[in-house]
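Visitor: Pasted the sequence and its predicted model underneath.
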Amino acid sequence: MRYQPRVRLAVAIFTLLLGVLPARHALGAPALDRGTAITDPASLRELDRGRLSLARVMLPTRSSSAPLTNSELFASPSMAPVRKALDDEFDRYIARHRAELPNESIGVGEPYDFQLFDRTLLYSSQTRFVLAGIVNRMDRAYLAEKNCGEIRLIYRLTQIGAPGAGEGTVSPRLPMTLNVVLKAKGDGVMDGGDGSITCAAIAGRWLAAGESRLTGAEFAEKFLSGDGPLELIPSASIDRIETNLQIAHAPKSASRDFRTDYLLKVFHYNAPSDIFAEAPLENQIDRARLLADENLGRDFKAWLLDPVHFSEFDRGIVLIPDKFLVTGVIASTPVGFAPSVLQPAFGLVEGDDAAKDSVFKQSDVVAVLEKAAKLGVALQNIRSLGGFERRLSDMTCSGCHQTRGIGGFHFPGVDWMAARPDNSTVVPASPHFFGDQIRRRDILAALRDGKAPDYSRGFSSRPQLRGSTELAGTEYQDGWGAHCYLQHAHAADNDRSFRSWTCAEGLACQAIGNASRMGMCFVKGR
């Protein structure tokens, strides 16, 4: 793959945007993640030292109060399947690389073309997972209403034995996160009063907490108290763990573009056996099998184009059956804006790859859109073939992580072990994450007020605003660096799925490459 100017521009823009760091979108404005996430470094430090340390969450019967090292974590019987699955993924990745790219070396360290993550660090006594953020995902309550959605404790892998490592120094964080996903309301959780606590009460606690100005030890004490949102998080509420690991990195060279590969995995907790078992990733379609197995592809097409499922697909709340999914995936970044084999749904829709039989013909998509129109179904996002193709990729874990992320992460987390964590140039989360907070907070407010929430979501590239102007002019919506659609000279020619993706006044949409009208908002040329 030659290093083309178009790709060079995309990579330069991608790298530049990693330095766009506004956790608040305007000086003095309320934090976008108020009431929906905990990202304050001092508060996370105190929580990591107490009830929300990984040891207390994952191994509550452990007697030692010392931080849980990775050697001890992965020696736990409950984590044995996780270690085996990760090792198997490493082995498959290396074998696949050697088969597909025999002239490019792979191994640990700079001498190699593809530089592998050092697997020994994952199981080392000199590394541990440090609490890097807490995220409210009650916007996912539609999947299990009795549990009121999810709360996610996100831990970042950190090397603790390196020279100079430790609090007050620049910590050697490693490119891996462990996401412990808890039920927002565990079975039998009581409110200390007359009965089981409600989703409305939990949502109310989070929104009230968002107005707090407390930090550090005061924050931890308040939020873990009897009326605090974190008081409701017992270890028995664990649903699953999710891992995101930068498995390999290929620096730019004369023969290839810069590329980084991330391995995504999910492990559901089996309480009776007390183990974390490998499980399919939510909506991560198995492209290879769907293209290779005609019957499976036909079944998937029939399932997805069913009117009920298609409406859920359009609204972003579809849950695809496990038989169409994979248990592990590589998310490669950056992918750019044009269709690419690195994208999870590439080749599934007619026109992407003429060398393969696609699962969906253009006529299939046109027919289902026409049927929806005749039935009076108001589609929110998918109004064209292009909208269908984009949704097919960004509903997957890897497709979402490839969109407006920080590398392959949406939440790399704060570094409270740094010398000045409050002045760190590392933001806790990606533009996609911050752009989605308005939608999530709107759902929390509806739950709190006893109203029926609108769980729908837009595309990963542009936030769903729900009438709010809070993001206007920011990189999250239509400001500098926002994703956009280059309008045609005649409005009637614009793609109906993306025609609202315009730029703020004074900016213009610059398409990245000739194969797509997708681009980014930049200052208008003079």
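Guide: Yep, it's here. Since the model is a prediction, treat every value here as computed from it, not as a measurement.
Visitor: Let me see the contact set for Ala445.
Guide: Contact partners of Ala445, counting by Cβ atoms under 8 Å, 6 or more residues apart in numbering, are Ala203, Leu207. (Each C-beta comes from the backbone N, C-alpha and C, glycine too.)
Visitor: how about it, secondary structure?
Guide: At Ala445 the chain is in helix, as set by DSSP: H, G, I helix; E, B strand; the rest coil.
Visitor: again, but for the one 10 residues further on
Guide: Tyr455 falls in the coil class when you classify it by three-state DSSP.
Visitor: Now do it, the pLDDT please.
Guide: Model confidence at Tyr455, given as pLDDT, is 98.
Visitor: didn't it look like it was pressed against Ala141?
Guide: Yes. The pair Tyr455 / Ala141 is scored as a contact, 7.3 Å apart, by Cβ atoms under 8 Å.
Visitor: Settle it for me: which of the two has more neighbours?
Guide: A count of neighbours by other Cβ atoms under 10 Å puts Ala141 above the other of Tyr455 and Ala141, at 23 against 19.
Visitor: From Glu72, how far out is the residue nearest to the more buried one when sequence neighbours are not counted?
Guide: Excluding the flanking residues, the one nearest Ala141 by Cβ to Cβ, 6 or more residues apart in numbering is Gly149, at 3.7 Å. Remark: distance between Gly149 and Glu72 (Cβ to Cβ, to the nearest Å) = 31 Å.
Visitor: what about Gln437, neighbour count?
Guide: Number of residues near Gln437 (other Cβ under 10 Å) recorded here: 24.
Visitor: ugh, wrong one, Glu278
Guide: 17.
Visitor: same question, Lys361
Guide: A count of nearby residues for Lys361, using other Cβ under 10 Å, gives 14.
Visitor: Contacts only, for it.
Guide: Glu350.
Visitor: got it, and Ala508?
Guide: With contact taken as Cβ under 8 Å, 6+ apart, Ala508 is in contact with Cys521, Phe522, Val523, Lys524, Gly525.
Visitor: Please pick the buried ones from the residues you listed.
Guide: Applying a neighbour-count criterion of 16 or more other Cβ atoms under 10 Å, the buried members of those are Cys521, Phe522.
Visitor: Turn the contacts of Ala508 into a markdown table, including distance to Leu465 and secondary structure.
Guide: Formatted as a markdown table, the contacts of Ala508 follow (distance: Cβ to Cβ, whole Å; DSSP: H, G, I helix; E, B strand; the rest coil):
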| residue | distance to Leu465 | secondary structure |
| --- | --- | --- |
| Cys521 | 16 | strand |
| Phe522 | 22 | strand |
| Val523 | 23 | strand |
| Lys524 | 23 | coil |
| Gly525 | 28 | coil |
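Visitor: Pick out whichever of the contacts of Ala508 sits closest to Val377.
Guide: When the contacts of Ala508 are ranked by distance to Val377 (Cβ to Cβ), Cys521 comes first, at 31.6 Å.
Visitor: okay but the closest one is in contact with Cys509, surely?
Guide: Yes. Using Cβ under 8 Å, Cys521 makes contact with Cys509 at a distance of 6.0 Å.
Visitor: Find the residues that touch each one of those two.
Guide: Shared contacts of Cys521 and Cys509, counting by Cβ under 8 Å, 6+ apart, come down to Cys484, Cys503.
Visitor: picking up where we left off before, so which of the contacts of Ala508 sits lowest on pLDDT?
Guide: Gly525 (72).
Visitor: which ones are touching it?
Guide: So Gly525 contacts Ala508 (Cβ under 8 Å, 6+ apart).
Visitor: how close does it get to Gly513?
Guide: Gly525 sits 18 Å away from Gly513, going by Cβ to Cβ.
Visitor: ditto for Ile285
Guide: Remark: distance between Ile285 and Gly513 (Cβ to Cβ) = 25 Å.
Visitor: Among those two, which residue is more densely surrounded?
Guide: Ile285 (26 against 17).
Visitor: Please look at that one and Lys301 and confirm they touch.
Guide: No. Counting by Cβ under 8 Å, Lys301 is not a contact partner of Ile285; they are 11.5 Å apart.
Visitor: Please work out which helix or strand belonging to the protein has the smallest mean pLDDT.
Guide: Lowest on mean pLDDT, DSSP states H and E among the helices and strands of the chain sits helix 5-17, with a mean of 41.
Visitor: so after it, what's the next helix or strand?
Guide: Counting by DSSP states H and E, the next helix or strand C-terminal to helix 5-17 is strand 37-38.
Visitor: where in this protein is pLDDT low?
Guide: The chain contains residues with pLDDT under 70 at 1-30, 161-171, 190-195, 234-236, 352-356, 419-426, 514-515, 526.
Visitor: Of all the helix elements in it, which one is longest?
Guide: helix 80-100 (DSSP state H).
Visitor: Output that one in CSV with nothing but the alpha carbons.
Guide: What follows is helix 80-100, C-alpha atoms only, in CSV (Å, rounded to 0.1, in the frame of the first residue of the first chain):
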residue,chain,number,x,y,z
ALA,A,80,-8.3,-18.4,33.6
PRO,A,81,-10.7,-18.4,30.6
VAL,A,82,-9.8,-14.7,30.0
ARG,A,83,-6.1,-15.4,29.9
LYS,A,84,-6.5,-18.4,27.6
ALA,A,85,-8.7,-16.4,25.2
LEU,A,86,-6.3,-13.5,25.1
ASP,A,87,-3.4,-15.8,24.4
ASP,A,88,-5.3,-17.5,21.7
GLU,A,89,-6.1,-14.2,20.0
PHE,A,90,-2.4,-13.2,20.1
ASP,A,91,-1.4,-16.5,18.5
ARG,A,92,-4.1,-16.1,15.8
TYR,A,93,-3.1,-12.5,15.1
ILE,A,94,0.6,-13.4,14.7
ALA,A,95,-0.2,-16.4,12.5
ARG,A,96,-2.6,-14.4,10.3
HIS,A,97,0.0,-11.6,9.9
ARG,A,98,2.7,-14.1,8.8
ALA,A,99,0.4,-15.6,6.3
GLU,A,100,-0.9,-12.3,4.8
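Visitor: Can you name every helix or strand that that helix contacts?
Guide: helix 70-75, strand 106-107, strand 114-116, helix 119-122, strand 238-250, strand 259-270, strand 275-279, strand 328-333 (3 or more Cβ pairs under 8 Å, 6 or more residues apart in numbering; DSSP states H and E).
Visitor: Contacts for that helix next, please.
Guide: 74, 104, 106, 114, 116, 119, 122-123, 241, 243, 245, 247-248, 261, 263, 265, 267, 275-278, 327-328, 330.
Visitor: residues in contact with Glu350?
Guide: Ser358, Phe360, Lys361, Gln362.
Visitor: For Asp314, see how far away it is.
Guide: Separation of Glu350 from Asp314 (Cβ to Cβ) stands at 20 Å.
Visitor: Check Asp274 too.
Guide: Taking Cβ to Cβ, one finds Asp274 at 40 Å from Asp314.
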